[in-house]
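Asks: here's my sequence, what's the structure:
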Amino acid sequence: MTETPVTASFDGPRFAFGTLTALPVRVHRWDREAARGGMLNAPLVGLVVGGCAAGLGLLLLLLGAGPWLAAVATAAVPAALTRGLHLDGLADTADGLGSGKPAEDALRIMKQSDIGPFGVLTLVFVLLGQVAALARGYDDSWARGALAALVSATAARLALTLAARTGIPAARPEGLGAAVAGVVPRRWAWTVAAVVVAAAAAAGGALFGGYTAVRTAVAVIIALASAELLLRHCTRRFGGVTGDVFGGLAETAATAALVVLALG
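Replies: Here you go, the predicted structure:
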């Protein structure tokens, strides 16, 4: 009995969920076409991860745990669903940038298994910021906390779509960075970004009205702008992107979105 071939239409989502999460999704193709589809589907991954995070946070609120414990659980879910790869990438990127060494030496530092002082400090402050911002949302209402979890996780993966656009080179010839660097046409990347911003605004507006719609859209835009600044800096310093840089971009975007949503 022959195995039914996997339809090409599912190669992109499989690539996205298989590489960006720890979910048991088998990736059948690793070519540039599959990588392009995967990066275009990255925001969908963020929506699923954010939904799981919000779901656990809301469950704890329902059980009377309070906003801070719900916020800790919400921040922990994305780390668990990615096996901490994005946080590890953030720490490695911080160590590479903080070393002040030439690109080749900085990339070597980033490949080491241990985490240096720059990475530790960055992880501490980023996670504290994420938890504090989520607690602020949950303290206001369960819906604001859940919205923040969904928007931040989606914005984080949308930053990866934009980082994989054409014109952004890979810093190494191997690894995830090399597999996805430059695979997404610029027009497609910005179209996906526009759709996500509009969807975020619609969700915020449906829940809380026009002011929240604007603030939610601004949160996504600032998240992308923050990730873009880091992307350009890393490209100058390292000569391109790596898998670690992608992880750093995701955490930077998520944190920026959460901070904006916590204001006001």
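Asks: check contacts around the residue nearest to M39 when sequence neighbours are not counted.
Replies: Computed as Cβ to Cβ, 6 or more residues apart in numbering, the closest residue to M39 that is not its neighbour in sequence is A164, at 4.1 Å. Every residue, glycine included, has its C-beta placed from N, CA and C. By Cβ atoms under 8 Å, 6 or more residues apart in numbering, the contact list for A164 reads 35-36, 39, 180-184, 189.
Asks: assign A65 to helix, strand or coil.
Replies: Under DSSP: H, G, I helix; E, B strand; the rest coil, the three-state class of A65 is coil.
Asks: grab the nearest non-local neighbour of it.
Replies: Once flanking residues are discounted, A65 sits nearest to A73: 7.9 Å by Cβ to Cβ, 6+ apart.
Asks: contacts only, for the one you found.
Replies: A73 touches 53, 56-57, 60, 65, counting by Cβ under 8 Å, 6+ apart.
Asks: can you pull out the helices in the stretch 151-264 of the chain?
Replies: With DSSP state H, counting those that start in this stretch as the criterion, the stretch 151-264 of the chain has helices at 176-180, 186-208, 210-238, 243-262.
Asks: weakest of these by average pLDDT?
Replies: In terms of mean pLDDT, the lowest-scoring of those is helix 176-180 (a mean of 86).
Asks: related to what we said a few turns ago, G119: which of the contacts of A73 is nearest?
Replies: Checking the contacts of A73 against G119 by Cβ to Cβ gives A53 as the nearest, at 23.1 Å.
Asks: picking up where we left off before, so the residue nearest to M39 versus P13, what's the distance?
Replies: Distance of A164 to P13, computed by Cβ to Cβ, to the nearest Å: 15 Å.
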